[in-house]
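S.K.: have a look at this fold, sequence not included:
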């Protein structure tokens, strides 16, 4: 949305607004949102949790990178000390309890790249003890490591972030379930697909002067996905004057 790389440039207002828009599209589908580093110290973490809960977010992951963070599948990541990381988890739990929310806290660690496997596992155990409901070992580099992490952290539920062409090998949903992961996200699936399609379409427009969109991309079909019929029915039931589309 911002047109910038994932380097901690998006702030709480950006992330909350985007999450609220997505959550508002379908109240029956739980939304997991990224909370990055919590956007600051404990007071900012508290505010972020309250804002996310009010926006309709069902769960969020909060990590131990420094405030100037970057995508978990880029090199050069730096993490804060474990005490600072745990203060973020505790602040998140206090905020949730304060407002009586059931929002799920996923403690994420990016320590694997710089500090190694054992320290990353230690941090996730400590995050669980501090109030996290689930854990995320970001940047798993092998299926063997993924399997070992699930075993080492039982009974803590683990989330797998499947970023294709990132540092983690391809793990299918079936494999992830067999390994023992309880949650799985494909955080680049829609972004990557849209990036590829938009670039190819605009290259075709530049080269031959027309986009060549398929029939299923006609305006009515797109608006129907966005609830056109439902909106027209609401207007009609309320005595509105709009003609049927």
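M.R.: Thanks, I have it. Computed from a prediction, not measured in an experiment: that's the story for all the values here. Numbering: from 1, shown residues only.
S.K.: tally of neighbours for residue 195?
M.R.: Residue 195 has 11 neighbours, counted by other Cβ atoms under 10 Å. For glycine as for every other residue, the C-beta is placed from the backbone atoms N, C-alpha and C.
S.K.: ok, residue 130 next?
M.R.: Look at residue 130: counted by other Cβ under 10 Å, it has 18 neighbours.
S.K.: can you name the residues that contact the residue lying closest to it once chain neighbours are set aside?
M.R.: Spatial nearest neighbour of residue 130, excluding adjacent residues (Cβ to Cβ, 6 or more residues apart in numbering): residue 89 at 4.2 Å. Contact analysis of residue 89 by Cβ atoms under 8 Å, 6 or more residues apart in numbering lists 62, 105, 107, 127, 130-132.
S.K.: redo that, cut-off 10 Å
M.R.: By Cβ atoms under 10 Å, 6 or more residues apart in numbering, the contact set of residue 89 is 38, 45, 62, 64, 105-107, 123, 126-132.
S.K.: now the strands for this structure?
M.R.: Under the criterion DSSP state E, the chain contains strands at 32-34, 59-62, 104-109, 134-137, 158-161, 183-185.
S.K.: mean pLDDT, distance to residue 16 and mean neighbour count added to these, as JSON lines?
M.R.: JSON lines is the format used below for these (pLDDT from 0 to 100; distance: least, Cβ to Cβ, whole Å; neighbours: other Cβ atoms under 10 Å):
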{"stretch": "strand 32-34", "mean pLDDT": "96", "distance to residue 16": "9", "mean neighbour count": "20"}
{"stretch": "strand 59-62", "mean pLDDT": "98", "distance to residue 16": "11", "mean neighbour count": "23"}
{"stretch": "strand 104-109", "mean pLDDT": "98", "distance to residue 16": "16", "mean neighbour count": "25"}
{"stretch": "strand 134-137", "mean pLDDT": "98", "distance to residue 16": "20", "mean neighbour count": "26"}
{"stretch": "strand 158-161", "mean pLDDT": "98", "distance to residue 16": "21", "mean neighbour count": "23"}
{"stretch": "strand 183-185", "mean pLDDT": "97", "distance to residue 16": "19", "mean neighbour count": "17"}
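S.K.: dump those to a markdown table, plus distance to residue 242.
M.R.: Compiled in a markdown table, those are given as follows (distance: least, Cβ to Cβ, whole Å):
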| stretch | distance to residue 242 |
| --- | --- |
| strand 32-34 | 34 |
| strand 59-62 | 38 |
| strand 104-109 | 40 |
| strand 134-137 | 45 |
| strand 158-161 | 43 |
| strand 183-185 | 39 |
